[in-house]
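**Student:** sequence first, predicted model second:
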Amino acid sequence: MRATRKKNIGIMGGTFDPIHLGHLITAEAVREQIPLDEVIFIPAALPPHKLERRVVPAAKRLFMTKLAIEGHPSFVLSDMELKRKGPSYSSDTLRALRRDYGEGADFYFITGADAASELYTWHDAAYILTVCQVVATTRQGATLDRETLARYFAPELLQRILPLETPAIGISSTDIRQRLKLGKSIRYLVPEAVADYIYKEGLYS
Ligand code: ATP
Ligand code: MG
């Protein structure tokens, strides 16, 4: 009997308020380099690090994410964080994914260097590093802060953070929200279908 190969599953978590080409280009670059069999996009319902800021309702962020990844054969959408109550901890998401996939998959949690540098502030961070590798991608304006991370994580956990060179894309949701508020263009920053939806719903203006 032929043994089935373990699947490499990428997990792209975020607020996606809104999702932009920085997220998509980064996910695609990681998919190709690792390589990943699929990338699951999981919008946070209640992002733990953004509890003090108003975000667009989760259902709309989920819908924008669906529009953004439509047509990519290896990108899939998950609403699992919208189905849970309370803050959307990545550790809970990973625990659920491990239950679903069993030992048949290796997980790669995709983050920008900015987010990866703050991993020690995440709920159950040590568990996250035992259940998956955290891919720290290039993000314009950010560098992976290994020194700080080394103060919080033992070497065997630290080595589960995998720096990966990806195109440096100077796009952020913060900038897009600000542009919309000022009536500036967001063309080429988000997929066209996402821009159409933002205008139709009057989001961020
Ligand atoms: P905000 O400005 O509201 O924080 P954001 O652009 O940082 O939004 P998030 O939803 O916070 O987007 O990010 C989700 C994940 O995607 C994080 O790991 C973040 O580092 C990563 N990411 C976001 N934008 C980029 C980018 N341009 N290049 C690489 N990674 C990115
Ligand atoms: Mg961010």
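**Tutor:** Noted; the coordinates are in hand. Ligands and ions are numbered 1, 2, ... in the order given.
**Student:** alpha carbons only for contacts and neighbour counts from here, please
**Tutor:** Fine.
**Student:** for the residue lying closest to residue 167 once chain neighbours are set aside, grab the count of nearby residues.
**Tutor:** Sequence neighbours aside, residue 138 is the residue nearest to residue 167 in space, at 6.6 Å (criterion: C-alpha to C-alpha, 6 or more residues apart in numbering). Residue 138 has 21 neighbours, counted by other C-alpha atoms under 10 Å.
**Student:** cool, residue 83 as well?
**Tutor:** Neighbour tally, residue 83, other C-alpha under 10 Å: 9.
**Student:** how about it, phi and psi?
**Tutor:** The phi/psi pair for residue 83 (degrees, to the nearest 10) reads phi -90, psi -10.
**Student:** and what of the one 3 residues further on?
**Tutor:** Here is the backbone geometry of residue 86 (degrees, to the nearest 10): phi 80, psi -180.
**Student:** what's the nearest residue to it if we skip its chain neighbours?
**Tutor:** Using C-alpha to C-alpha, 6+ apart, the closest residue to residue 86 is residue 46 (6.9 Å).
**Student:** what's the distance between the one you found and residue 90?
**Tutor:** 11 Å (C-alpha to C-alpha, to the nearest Å).
**Student:** cool, and residue 162?
**Tutor:** Distance from residue 162 to residue 90, by C-alpha to C-alpha: 17 Å.
**Student:** same thing with residue 25?
**Tutor:** 22 Å.
**Student:** now do residue 132
**Tutor:** For residue 132, the distance to residue 90 - C-alpha to C-alpha - is 11 Å.
**Student:** picking up where we left off before, looking at residue 46 and residue 90, which one has more neighbours?
**Tutor:** residue 90 (23 against 20).
**Student:** ok, the more buried one - contacts?
**Tutor:** 13, 123, 128 (C-alpha atoms under 8 Å, 6 or more residues apart in numbering).
**Student:** if you set the cut-off to 10 Å instead, what comes out?
**Tutor:** Under the criterion of C-alpha atoms under 10 Å, 6 or more residues apart in numbering, the contact list for residue 90 reads 11, 13-14, 42, 44, 47-48, 81, 96, 109, 122-125, 128.
**Student:** ok, residue 152 next?
**Tutor:** 119, 120, 121, 125, 126, 158.
**Student:** so, low pLDDT: which residues of the chain?
**Tutor:** In the predicted model of the chain, residues 1-3 satisfy pLDDT under 70.
**Student:** what's the distance between residue 104 and ligand 1?
**Tutor:** Computed as C-alpha to the nearest ligand atom, to the nearest Å, the residue 104 to ligand 1 distance reads 25 Å.
**Student:** make that residue 139, sorry
**Tutor:** Taking C-alpha to the nearest ligand atom, one finds residue 139 at 4 Å from ligand 1.
**Student:** hang on, the earlier thing: and the residue nearest to residue 167, how close does it get to residue 21?
**Tutor:** From residue 138 to residue 21 the distance is 14 Å (C-alpha to C-alpha).
**Student:** what's the overlap in contacts for the two?
**Tutor:** Joint contacts of residue 138 and residue 21 (C-alpha under 10 Å, 6+ apart) are residue 169.
**Student:** interface residues of the chain facing ligand 1?
**Tutor:** Residues of the chain lying close to ligand 1 by C-alpha under 6 Å from any ligand atom are 13-17, 22-23, 26, 111-115, 138-139, 169-174.
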